[in-house]
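Colleague: sharing a model prediction with you, sequence too.
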Amino acid sequence: MASERKFIAENVRRVLLKEYLMKEVSRAGFGGLDVQRTPMGTRVTLVTERPGIVIGRRGAAIKNLTRAIEEDFDFDNPQVEVQEVESPNLNAQIMAEKLAFALERGWHFRRAGHSTLRRVMESGARGCHIVIAGKLTGQRHRTEKFKDGYIKFCGETKITNMDRGYAVAKLKPGVIGVTVEIMHPDAKLPDEVDVTAPAEAAEQFPDLAELINKKEAPIIAVEVREKDEESAEEPVEEGDEEEPEEPVEASSGTEEGEQ
């Protein structure tokens, strides 16, 4: 098998595993999945809002998940780890699932969208972008967007600072897709520059003070040179002008009496 096909097959298998765990762990609040291959096997890190439901009584639920991952998805010696989300309101996948569940319970899409947006921003997020698409008010497809704060739509800044989550709400008129994108509270944008005062910089970076002291001499020389140039450019007053000396004629070597 070519290397390209191996990469594609591996990614397809991980996507299927993610969809399977999203269904199995929906009650616990699925927050993300990380799969890493190690020399001892495959490490599967599952991020949830309520880890106790995933583990089960005496670890029965997590043993069933481990067996299913090994047999159905052909992962070598899987080791499932469950982590708790520190702040569920800042996890895009959890908020997308909560918004989809609110729509399934009959909430109006504008009320649900604004409520989710307000909850995310009050938790300290720098920005949030919510997209609800589907048959919202009639038989025609619509798209509603809710946004607040800083939002990045492309580039490396989006990849590093934006967290994306997607969920589906199944209603009688049809299926509604919910997309939530959240910018992390500690995100640093490229145009944000911190300027440190010289005294504070010298305390934090002792080597920087030595460099500054070494550069004092060239700076003083430049200032002196600039002053000299300014004095040279000053106009000279009429009274101060020096009269040019008259040229002295050279003697011819013979005096008038000798001619």
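Modeller: Cool, got the structure.

Colleague: alpha carbons only for contacts and neighbour counts from here, please
Modeller: Noted.

Colleague: downstream neighbour of the helix or strand that V82 is a member of in the secondary structure list?
Modeller: Following DSSP states H and E, one finds V82 within strand 78-84. Per DSSP H and E, the first helix or strand lying C-terminal to strand 78-84 is helix 92-104.

Colleague: the most centrally placed residue in the chain: what's it in contact with?
Modeller: The C-alpha lying nearest the average C-alpha coordinate of the chain belongs to N161 (CA atoms, centre = their mean; 2.4 Å). Shown in contact with N161 (CA atoms under 8 Å, 6 or more residues apart in numbering): M183, H184, A187, K188.

Colleague: most neighbours, which of those residues?
Modeller: Highest neighbour count within these, by other CA atoms under 10 Å: M183, with 29 neighbours.

Colleague: hang on, the earlier thing: which strands and helices sit next to the strand holding V82?
Modeller: Where contact means 3 or more CA pairs under 8 Å, 6 or more residues apart in numbering; DSSP states H and E, strand 78-84 is packed against strand 41-48, helix 51-55, helix 60-72.

Colleague: can you give me the angle that strand makes with helix 60-72?
Modeller: 140 degrees (axes from the mean of the first three to the mean of the last three CA atoms, to 10 degrees).

Colleague: and strand 78-84, what's buried?
Modeller: P78, Q79, V80, V82 (16 or more other CA atoms under 10 Å).

Colleague: pretty sure the third one sits against V47.
Modeller: I take that to be V80. No: with contacts counted by CA atoms under 8 Å, V80 stays clear of V47, the gap being 10.6 Å.

Colleague: G138 is nearest to which of the helices and strands packed on strand 78-84?
Modeller: strand 41-48 (35.1 Å; CA to CA).
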